[in-house]
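A.B. asks: Next comes the sequence, and after it the predicted model I'd like to discuss.
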2 protein chains.
Amino acid sequence: MEQNYDRIKSIIAHLLPLEISNTNASVDAAPAITAEKPRAQIPKWNKDELRDYLESNPSYKQVKQNLQNFLKDPIFAPKYNMNCEQWREVTLQRSIKVINSGLISLAEFNRDPMKYLLSMELLNLSDPSLSVKLGVHFSLFGNAVLNLGTEKHHLKYIKDIDTWKLPGCFGMTELGHGSNVQGVETTATYDKDTQEFIINTPSDSAQKFWIGNAALHGQACAVFAQLYIGGVHYGVHVFVVPIRNADGSTATNVRIMDNGYKLGLQGVDNGRLWFDNKRIPRDNLLNKFGDVMPDGSYVTSIPSKNKRFGSMVAPLVGGRVLIASSALNAAKLSLIIAIRYAYARRQFGSKGNEIPIIQYLTHQRRLFPLIAATVALNFPVLQLKQIYCEPNKTPQNVKDVHIWASGLKAVVSWHKTHTLQQVRECCGGQGFSAFNQIATLKSDLEIDMTYEGDNHVLLQQVAKNLLVELQKGRYTVTLPNHGVKIQNSDFQIQCFKWRESHLVQTLSSKIMSALDVGVGLEHSWNDNLDVITALGKAYIERITLEYFQAAIKKASANLQPVLELCRNLYFSSRVENDLGFFLCNDGLTHETGLKIQESVNKLCGDMLPVALDIVNSFDIPEQFVHAPIAKPDYIQEFRYGLERNY
Amino acid sequence: MEQNYDRIKSIIAHLLPLEISNTNASVDAAPAITAEKPRAQIPKWNKDELRDYLESNPSYKQVKQNLQNFLKDPIFAPKYNMNCEQWREVTLQRSIKVINSGLISLAEFNRDPMKYLLSMELLNLSDPSLSVKLGVHFSLFGNAVLNLGTEKHHLKYIKDIDTWKLPGCFGMTELGHGSNVQGVETTATYDKDTQEFIINTPSDSAQKFWIGNAALHGQACAVFAQLYIGGVHYGVHVFVVPIRNADGSTATNVRIMDNGYKLGLQGVDNGRLWFDNKRIPRDNLLNKFGDVMPDGSYVTSIPSKNKRFGSMVAPLVGGRVLIASSALNAAKLSLIIAIRYAYARRQFGSKGNEIPIIQYLTHQRRLFPLIAATVALNFPVLQLKQIYCEPNKTPQNVKDVHIWASGLKAVVSWHKTHTLQQVRECCGGQGFSAFNQIATLKSDLEIDMTYEGDNHVLLQQVAKNLLVELQKGRYTVTLPNHGVKIQNSDFQIQCFKWRESHLVQTLSSKIMSALDVGVGLEHSWNDNLDVITALGKAYIERITLEYFQAAIKKASANLQPVLELCRNLYFSSRVENDLGFFLCNDGLTHETGLKIQESVNKLCGDMLPVALDIVNSFDIPEQFVHAPIAKPDYIQEFRYGLERNY
Ligand SMILES: Cc1cc2nc3c(=O)[nH]c(=O)nc-3n(C[C@H](O)[C@H](O)[C@H](O)COP(=O)(O)OP(=O)(O)OC[C@H]3O[C@@H](n4cnc5c(N)ncnc54)[C@H](O)[C@@H]3O)c2cc1C
Ligand SMILES: Cc1cc2nc3c(=O)[nH]c(=O)nc-3n(C[C@H](O)[C@H](O)[C@H](O)COP(=O)(O)OP(=O)(O)OC[C@H]3O[C@@H](n4cnc5c(N)ncnc54)[C@H](O)[C@@H]3O)c2cc1C
């Protein structure tokens, strides 16, 4: 004991002078002695090979290259210092430029959704306001016309959509109803005398709210409204409603207001709409799943109101796929910036021999698990895009796409938000500058967690589906095998399966006991939302690990070691994050728990020599990396006289 | 088993129709049956009493009221949609208005720092750009003059600072050196022939970077530079250097560039400075801790270069105190907004009987622990302000202020960031609107974690100090007593003490073993930064709990129950967050671990009837709550025709 204190005393003698100061090493201290720790040697790989492997859509290389070249036009050069009006004007001009290029269109979306997806991803990397403005027009409004409408609508609208002659809006959300779309208050009453629908906003809470393109440029809106015929309610249907005339003036019986300034996406003109018994022709009902005959009789192929509603909101799925993949790109881009800077930036240590900040264990722990998770999530997202674009989907595919799109949209958008936050902080003051891109990504993509389905609501969709799987006997609790190493992929998958299985069984039994004592179903569901959310996340982490491992098996021997490193770090850091659960429920022993924590540190050490190579192999075209701190010599980027005029 | 599956089947029959849809209850579903759970009854309290108790500075009531009245002037009304130039102009005009009012001044700061602190807090609530711009001028530049300078400086500068005749900058950071201030490259070479200092920027990495007020309005800058006399290096000293003339033109031998557009704080004109062998009189050295005689001899009362440096950066402490208290206010304000909205906002459930979103367990779990932590952190922050403002500080006080300011600045700013993120998401789309304030708070206060000392670096200061305490034998590992209830405050404090003690001992023995095998001190320190960071946080959580509990003891019987509820939820949610550590290291049993998780849910239930009252008792003047969603009838706030012209 005494001896210990003597040692500490001498340490403190070293540390004390610095205690009150803002530094942990004085300028002229001697270089630190270091005992190199043994590290796993990850063999070098070919960066192009890893890039292609992450992208995994070789047949679209040329498509992407064409759009990338197009996006080099000066109109797309980054801009920051603008007010709302200027932002919107720039975004409009950029949108028109894209439209005129013909590189993105609704016709294309219909013919080759993968091309559309990949193109929208690139637009999002270039400018999120641009991709959201066009996304509302094509993926939401256009997609509604395409998939909720029938041939008459296709003939009438598609061409005008593709030329921006008819800029479109998607009018689902109201002030009073966001996540609960089935609760919208707007009514569409059929008037059989004139063969028109009367679209009406019965109250201020029924105003359409947050509608992209509505504040300035939209001319038509796909309006979600409760259909009434002769006093009978048929549920939510979608109608094409003119909101502006070709000259930009507001259509009759429509009132429009602006949603105003926002945290981000200033270029998107979100607006609010009121309809004052606005009459539209019968043909404006998008009638694929439910139609009204001239005489007012209702015809549908889907008798269940709920199922019909499900079809009405189907256009949202594509948006979710796009959010998941774009959020993953944002995580990649921001990690490229933070990692390059972290290897170049030196802070503290002896003069002339200052320490690159990536050497600090905290810095590794803040960033490396995020690299690992980004690589891991790459694979289920690829798979999702693949099945989403499948032309002839089986019913199982349709269901998978829905569940996966919901779960991955939630998990990847949170991952992106968490990554951007860490990256912002890891870059110190530089992370606060607009020029270094992180600020803009953070602001513009913040809403990813909310729109096209709130993350918390989406995870409930996932969990519901897993209860079905439970019923089918898919789940059997097996405890992870404690004998094996934590780097073993079977063991890792088993751990995640065990957790998921434990959660779904807990959920089911909790709901049943609540029902037993007379608690209503909705209530017992809402009372267990903590388990439900954990279950949704656990499911996504399990499939992530499985798809990642399946992809590793198919990778070349050259790539496998670095991918395995990522998998191990993904696994260890996710378990570390949820260690309380694993231990409390006897899924892991204390011994393994302690090993997990050590293993995160060790794997960070293993990643140190290769992290820069990993992010430099990400499939993010260099043209989108503007940040001066991501350039080879960031000091030079800030030399006197070099103005940044954006 | 069979029977179980039957039950699940029926549940799924209920849930399945919703599976593909975006909702979890159809519009016309029957109202849910609910079995009310037994809840702790928290007796009502007097809101004013709680407010006064949280504020705890009764003698400053009038001071605050005066400033609040002043801040009702229309010039301070919220504004959002502006570009950088407009923002800066508005902020300048607001600053001048404040200066002219005489309500805030350097003289006052010197005479009554508490008044200054509380006033700056209010400015921060009104507009963070305003408080940061004035903070740089008064708390940094002015404070440097006051506390690093001597009488000649006070006589020469204080009046001009107080009238804004001499707008000031604080030139510490350089492009190449941020956290490591001792590494700045700017030199100040004494020329005894002319009795001048030659201030020089030897390289682009030495440019002063991020300097508030430098881009447009600053006329003088407190420049941190390495002092050289006759080739001998004396360490970092601070000099008053003119950077602009009274007419606004740039001073000779100074070059200035703009830091440009940022994530937030657009109203602050951060700039970059180069000095080209700029000559300044000998008197411009702020010479309290080290002086240069006309003949070039160096005089100091603090022979140690490191300790002297510590004194030079002392002005930062006040800034840290202010960040901690302002961050806490931002957490309070944002929780007021999110909680009011969560009780008013209804989503899902049966028509006419929709469920307020606060009823969802996830929503409670996302927000209530943050309320508890905000109330808990209130008390160490109050204590910090008190000792910081103590006129005759003991050496122990000085040290406490340094350690507490470092640790609380880090922990509270992270708490604020985490709170704003949750609040943003909890308010759905509304959280993205500038009008609802969350967006602005999120952007403007994001940098809190970085400036005036990066959080990760500050926690290292805390940990270092705890090693000293360890040496003094302050720590003895005692395991929490497992027999007692988790609501017992002694047990709770014991748990946090045990964790802290475990961490400090682990740290000390890890460093010693590393030294044993020849690893350098800096290296072994950096290799253990995970433990160091955890230790810093654990210390702050422990003192938070202790000060909170001490405050509870002193509270009226009326207030105690609600405060105890907050303490219990703070404790449980913090332990839940760190459960892996507690279990792995045998600090808590699995049984207690499971109880902790249940207890968070139960305490959320207990808080449900009173959360609105708690946030409405926060000491945030209503005039700063602009958000329409925080108003009694938020739908009315969005009625047609009501324009928000800011
Ligand atoms: C920039 C922007 C652009 C948009 N563009 C469009 C557009 O073009 N067209 C359009 O129609 N809409 C658009 N929206 C609206 C968007 O789709 C909605 O904001 C989103 O659906 C969420 O709805 P809400 O904002 O009403 O939140 P709410 O549904 O009110 O949710 C508020 C909070 O309550 C929680 N919550 C709600 N229900 C539950 C539950 N059952 N269980 C647990 N928690 C729950 C949520 O997690 C959330 O935190 C846009 C929004 C924004 C901000
Ligand atoms: C809006 C704004 C206003 C400002 N105003 C002023 C001003 O008026 N005057 C002024 O002088 N400065 C000002 N600053 C600068 C500010 O003080 C610095 O940004 C801050 O000190 C951090 O330094 P840095 O940005 O160089 O980050 P760095 O010190 O380079 O840190 C970068 C990253 O490395 C990590 N890191 C660094 N060292 C260590 C370590 N030893 N251990 C573990 N991790 C480490 C940090 O955690 C951080 O994540 C301002 C900055 C901003 C953004």
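C.D. replies: Here it is on my side, so go on. Numbers count the residues shown, from 1 in each chain, chains lettered A, B, ... in the order given. Ligands and ions are numbered 1, 2, ... in the order given.
A.B. asks: residue contacts, whichever residue of the stretch 51-200 of chain A sits closest to ligand 2?
C.D. replies: Ranking the residues of the stretch 51-200 of chain A by distance to ligand 2 (CB to the nearest ligand atom) places residue A:80 first, at 14.9 Å. Any C-beta I mention is one placed from the backbone N, CA and C, and that applies to glycine too. Counting by CB atoms under 8 Å, 6 or more residues apart in numbering or on different chains, residue A:80 makes contact with A:434-435, A:440, A:646, B:260-261.
A.B. asks: All the strands of the stretch 201-350 of chain A, in order from the start?
C.D. replies: For the stretch 201-350 of chain A, the strands defined by DSSP state E, counting those that start in this stretch occupy A:208-211, A:220-229, A:232-242, A:254-258, A:271-275, A:278-281, A:290-292, A:298-300, A:346-350.
A.B. asks: so can I have TSV of those strands showing mean pLDDT?
C.D. replies: Shown next, in TSV, are the strands of the stretch 201-350 of chain A (pLDDT from 0 to 100):
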stretch	mean pLDDT
strand A:208-211	98
strand A:220-229	98
strand A:232-242	97
strand A:254-258	98
strand A:271-275	98
strand A:278-281	98
strand A:290-292	98
strand A:298-300	97
strand A:346-350	91
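A.B. asks: Quick one: closest of these to residue A:516.
C.D. replies: Smallest distance to residue A:516 across the strands of the stretch 201-350 of chain A (CB to CB): 32.9 Å, for strand A:232-242.
A.B. asks: who touches the closest one?
C.D. replies: With CB under 8 Å, 6+ apart as the test, strand A:232-242 has contacts from A:144-145, A:148-149, A:153, A:157, A:171, A:181-182, A:184, A:188, A:197, A:199, A:219-228, A:251, A:254, A:275, A:278, A:280, A:284-286, A:290, A:298, A:305, A:308-309, A:312.
A.B. asks: Wait, residue A:105 touches residue A:160, no?
C.D. replies: No. Counting by CB atoms under 8 Å, residue A:105 sits too far from residue A:160 to count as a contact (11.6 Å).
A.B. asks: Looking at the two now, which is surrounded by more residues?
C.D. replies: residue A:105 (21 against 16; other CB atoms under 10 Å in any protein chain shown).
A.B. asks: pretty sure the residue of the stretch 51-200 of chain A closest to ligand 2 is in a helix, no?
C.D. replies: No. In this structure, residue A:80 is coil, not part of a helix, as judged by DSSP: H, G, I helix; E, B strand; the rest coil.
A.B. asks: Now do the same for it: its pLDDT.
C.D. replies: Residue A:80 is assigned 92 on the pLDDT scale.
A.B. asks: what do you get for residue A:58?
C.D. replies: 86.
A.B. asks: Not including adjacent chain positions, what is the nearest residue to it?
C.D. replies: Distances taken as CB to CB, 6 or more residues apart in numbering or on different chains place residue A:52 nearest to residue A:58, at 6.6 Å, with adjacent residues excluded.
A.B. asks: got the phi/psi numbers for the one you found?
C.D. replies: Main-chain torsions, residue A:52, degrees, to the nearest 10: phi -60, psi -40.
A.B. asks: what's around it, how many residues?
C.D. replies: Counted with other CB under 10 Å, residues neighbouring residue A:52 total 15.
A.B. asks: Same question for residue A:65.
C.D. replies: Other residues near residue A:65 number 11, with proximity taken as other CB under 10 Å.
A.B. asks: And the one 10 residues further on, by the same measure?
C.D. replies: Using other CB under 10 Å, residue A:75 has 12 other residues around it.
A.B. asks: how about the helix or strand harbouring residue A:460: buried residues?
C.D. replies: Residue A:460 belongs to helix A:455-471 when assigned by DSSP states H and E. If you call a residue buried by 16 or more other CB atoms under 10 Å in any protein chain shown, then helix A:455-471 has these buried ones: A:455-468, A:470-471.
A.B. asks: now the angle from it to strand B:346-350?
C.D. replies: Using axes from the mean of the first three to the mean of the last three CA atoms, to 10 degrees, the direction of helix A:455-471 lies 40 degrees away from that of strand B:346-350.
A.B. asks: For helix A:455-471, which helices and strands make contact with it?
C.D. replies: helix A:395-426, helix A:489-516, helix A:529-554, helix B:2-19 (3 or more CB pairs under 8 Å, 6 or more residues apart in numbering or on different chains; DSSP states H and E).
A.B. asks: winner for burial among those?
C.D. replies: Highest mean neighbour count among the helices and strands packed on helix A:455-471 (mean count of other CB atoms under 10 Å in any protein chain shown): helix A:395-426, with a mean of 23.
A.B. asks: right, quick check: it against ligand 2, any contact?
C.D. replies: Yes. Helix A:395-426 lies within reach of ligand 2 by CB under 6 Å from any ligand atom, at A:425-426.
A.B. asks: And the average pLDDT for that helix is what?
C.D. replies: Throughout helix A:395-426, pLDDT has a mean value of 96.
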